[in-house]
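**Q** Quick check, what structure comes out for this input:
(one chain, ligands or ions: 2)
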Amino acid sequence: MSTKHKPKFKRIAQLKTAPDFREYLKSIDVNLSFDETLLPPDQTPYKNSFLLKSGRNIGNRFCILPMEGWDGTTDGRPSEYTKRRWKNFAISGAKLLWGCEAVAVRHNGRANPNQLLMDASRLDEYKRLYDDLITQHQEKFGKTDDLVIGLQLTHSGRFCKPNDQKKMEPQILYHHPILNKKFGLPDDYPHMTDDDIDRLVEDFVKAAVLTKKAGYHFVDLKHCHGYLGHEFLSARTREGKYGGSFENRTRFLTSIVAGIRSEAPGLEIGVRFSAFDWIPFVPNEEYVGIPATFQGDYPYAFGGSVTGTGQDLTETYKFLKLLESLNIELVCITAGSPYYNPHIQRPALFPPSDGYQPPEDPLAGVARQLQVTAQIKKDFPGLAIVGSAYSYLQEWLPHVGQHVLNNNMADFIGLGRMVLSYPELPEDILANQHLKRDKVCRTFSDCTTAPRNGMISGCFPLDPFYKALPEAIRLKEIKKE
Ligand SMILES: Cc1cc2nc3c(=O)[nH]c(=O)nc-3n(C[C@H](O)[C@H](O)[C@H](O)COP(=O)(O)O)c2cc1C
Ligand code: SF4
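**A** Numbers count the residues shown, from 1 in each chain. Ligands and ions are numbered 1, 2, ... in the order given. Purely as a prediction, here's the structure:
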């Protein structure tokens, strides 16, 4: 292991007892509550169903967060890898599948040449994926009337790479001084035009109509992680009808919602959004992340303070009020971006190859997302709130999740990386089984490092299927370098 990848903080697996965990949290000054004892299956809050206002019932409080695998075909169809991952979601025991993975609505908005793409010519493939989820869940759990499935629709904006793994083809809304520089964009790099955005709105609506036809219960209009939907929210310096005022910056969302309500009535809409963002981080000479240099107040972090490293939820709350007024009940909270501040987005002990050593104990990143989510749930009790960033908790995930549910700090415990390494974790927690320690995600970040180096994603260290692939060897070499 190179020094670049040596962990600097205590490993969760060493915190074996509740007093150990509590003491450690205290020593690093992180405020994170948890239940010491897990409740038996007949009392666990994980088992409670959740009734949406539409009358649709979600059978328990686990949600699988969307996770793409950079593994579709180059013409945007699911591959055998994609189907395997989705099957794992279906048989995990979770009753809410949030989007499954990011699916582009047009070719030039794809995040990589293998990202899934939704259009009429591929409708059958998406229908088959949906049907498979239902069949696999039915076979294992005997019922599906309480399984709710969405599809995440996206345009990757600044992070588009539609044709070549090595060639970014960004579509930007405004000139961002730090990100333009980081990704080599000249100051006169063209912005997306309002006309193009109008056409993109139509593409989203068309994709939503197809999603409904394929059988999915909802579409997620992705507004997170620095991709296009998220970039609109911070497009304060953009001129024209899609930038400047809050109303203009949310016109993209409101236009798509209006289109879906008219063209696909009855289809539910969800929004996954970065409830707060920070300034981009860069590695210092010790490879530890520090905020990028910026003179003056930092204006580009939606939900972030002008310091660049704190929260200001004023506009986040405005956005949530807007969602309520649009009758959008399903909301998934996440933060930041994996491209420029991964430690606030997916806390990890081991950074991905394009990242940096975490500047704080990853537990601080977990606690931050949990606290913001709890605050939102308290102030927006009518929304169905999914929380993210639980995977780093490892053995303590069931304890923290139970506390969150029992104290109404979120409605659903969202699971990302953990289900790549340990797909049946929700089932085991629901049955109050001991966790299978050899399957617990240790946040090695290989599932991010692999795609950053042009390979498919997957849990190479822990999933025997990926361990046996040639990519696992290449990945080890890359990490040595
Ligand atoms: C390999 C990988 C792929 C991901 N793909 C998506 C995606 O397609 N859409 C999305 O909204 N988030 C995506 N995410 C972010 C996760 O949904 C989640 O927010 C993040 O991993 C933090 O949750 P965790 O701590 O449970 O992993 C991805 C994360 C990983 C590791
Ligand atoms: S590669 Fe596996 S262990 Fe590493 S972060 Fe991803 S899911 Fe977790």
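
**Q** okay, the lengthiest strand in the chain in CSV with CA atoms only?
**A** Looking across the chain with DSSP state E, the single longest strand is strand 268-276. Provided in CSV are the C-alpha atoms of strand 268-276 (Å, rounded to 0.1, in the frame of the first residue of the first chain):
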residue,chain,number,x,y,z
GLU,A,268,-44.6,9.5,-9.3
ILE,A,269,-41.6,11.9,-9.3
GLY,A,270,-38.8,11.8,-6.8
VAL,A,271,-35.8,14.1,-6.5
ARG,A,272,-32.4,13.1,-5.2
PHE,A,273,-30.4,16.2,-4.5
SER,A,274,-27.2,17.4,-2.9
ALA,A,275,-28.8,19.2,0.1
PHE,A,276,-25.4,20.9,0.7
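
**Q** Residue numbers of this protein in contact with ligand 1?
**A** 65-68, 101-102, 152, 222, 224, 272, 334, 346, 388-392, 415-418, 447-448, 457 (Cβ under 6 Å from any ligand atom). Backbone N, C-alpha and C define where each C-beta goes, glycine included.

**Q** Next, the contact list for the residue in the stretch 301-450 of the chain that ligand 1 sits nearest to, please.
**A** Proximity to ligand 1, evaluated over the stretch 301-450 of the chain using Cβ to the nearest ligand atom, is greatest for Gly416 at 2.6 Å. Applying Cβ atoms under 8 Å, 6 or more residues apart in numbering, we find Gly416 in contact with Leu65, Met67, Arg346, Ser388, Ala389, Tyr390, Ser391.

**Q** ok, Gly310 - how many residues close by?
**A** Neighbour count of Gly310, defined by other Cβ atoms under 10 Å: 12.

**Q** Same question for Tyr189.
**A** 12.

**Q** ok, now how distant is it from Ser54?
**A** For Tyr189, the distance to Ser54 equals 42 Å [Cβ to Cβ, to the nearest Å].

**Q** and if you look at Glu268?
**A** In terms of Cβ to Cβ, Glu268 sits 6 Å off from Ser54.

**Q** could you say what helices and strands the longest strand of the chain packs with?
**A** If you count contacts as 3 or more Cβ pairs under 8 Å, 6 or more residues apart in numbering; DSSP states H and E, strand 268-276 packs onto strand 148-154, strand 218-221, helix 228-233, helix 251-263, helix 314-325, strand 330-335, helix 362-379.

**Q** moving C-terminal of that strand, what's the next helix or strand?
**A** As assigned by DSSP states H and E, the chain's next helix or strand after strand 268-276 is strand 281-283.

**Q** Neighbouring strands - and their directions - for that following strand?
**A** In the sheet containing strand 281-283, its partner strands are strand 289-291 (antiparallel), by DSSP bridges.

**Q** mind listing what the nearest residue to Ala431 once chain neighbours are set aside touches?
**A** For Ala431, ignoring the flanking residues on the chain, the nearest one in space by Cβ to Cβ, 6 or more residues apart in numbering is Pro41 at 5.8 Å. Pro41 is in contact with Lys47, Leu430, Ala431, Asn432, counting by Cβ under 8 Å, 6+ apart.

**Q** same thing with Gly150?
**A** Gly150 touches Leu97, Trp98, Gly99, Cys100, Tyr216, His217, Phe218, Val219, Asp220, Glu268, Gly270, Leu330, counting by Cβ under 8 Å, 6+ apart.

**Q** Dihedrals phi and psi, the residue of the stretch 301-450 of the chain closest to ligand 1?
**A** phi -110, psi -110 (degrees, to the nearest 10).

**Q** Tell me what Phe218 is bridged to.
**A** Going by DSSP bridges, Phe218 forms beta bridges with Gly150, Glu268.

**Q** Tell me the residues that contact both of Glu268 and Ser54, please.
**A** Glu329.

**Q** which residues of the chain fall in strands?
**A** Using DSSP E, strands in the chain cover 50-51, 57-58, 62-64, 96-97, 102-104, 116-117, 148-154, 218-221, 268-276, 281-283, 289-291, 330-335, 384-387, 412-415.

**Q** now the helix with the most length in the chain, how far from the chain's geometric center?
**A** Longest among the helix segments of the chain by residue count, using DSSP state H, is helix 194-214. In this view, helix 194-214 has its centroid 21 Å away from the chain centroid, taken as Cα atoms, centre = their mean, to the nearest Å.

**Q** That one to helix 251-263, inter-axis angle?
**A** Going by axes from the mean of the first three to the mean of the last three Cα atoms, to 10 degrees, helix 194-214 is angled at 40 degrees with respect to helix 251-263.

**Q** Identify the residues contacting helix 194-214?
**A** 103, 105-106, 109, 118-120, 123, 126-127, 129-130, 151, 153, 155, 192, 219, 221, 228, 240-242, 252, 255-256, 259-260, 263-264, 266-267, 269.

**Q** Can you mark which positions in that helix are buried?
**A** Buried positions in helix 194-214, judged by neighbour count with 16 or more other Cβ atoms under 10 Å: 197, 200-201, 203-212, 214.

**Q** likewise stretch 405-416?
**A** In stretch 405-416, counting by 16+ other Cβ under 10 Å, buried: Leu405, Met409, Ala410, Asp411, Phe412, Ile413, Gly414, Leu415, Gly416.

**Q** what distance separates the start and the end of that stretch?
**A** Terminal residues of stretch 405-416 are spaced 18 Å apart (Cα to Cα, to the nearest Å).

**Q** quick one: average confidence on that stretch?
**A** Across stretch 405-416, the average pLDDT comes to 98.

**Q** for stretch 162-182, same thing?
**A** On average, stretch 162-182 scores 97.

**Q** Which positions in that stretch come out as buried?
**A** Applying 16+ other Cβ under 10 Å to stretch 162-182 flags Pro162, Met168, Pro170, Gln171, Ile172, Leu173, Tyr174, His176, Ile178, Leu179, Asn180 as buried.

**Q** which among the residues you listed gets closest to Tyr287?
**A** Nearest to Tyr287 among the buried residues of stretch 162-182 is Ile178, at 18.9 Å by Cβ to Cβ.

**Q** list the contacts for that closest one?
**A** Per Cβ under 8 Å, 6+ apart, neighbours of Ile178: Ile279, Pro280, Ala292, Phe294, Tyr300, Tyr340.

**Q** For the last one, give me its contacts.
**A** Residues counted as contacts of Tyr340 (Cβ under 8 Å, 6+ apart) are Ile178, Leu179, Lys182, Gly226, Pro280, Phe281.

**Q** Nearest to Thr135 among those?
**A** Among the contacts of Tyr340, and counting by Cβ to Cβ, the member closest to Thr135 is Gly226, at 35.5 Å.

**Q** Return the residues in contact with the closest residue to the closest one other than its chain neighbours.
**A** Spatial nearest neighbour of Gly226, excluding adjacent residues (Cβ to Cβ, 6+ apart): Ser337 at 3.4 Å. For Ser337, the contacting residues are Cys224, His225, Gly226, His230, Ser274, Asp277, Gln345, by Cβ under 8 Å, 6+ apart.
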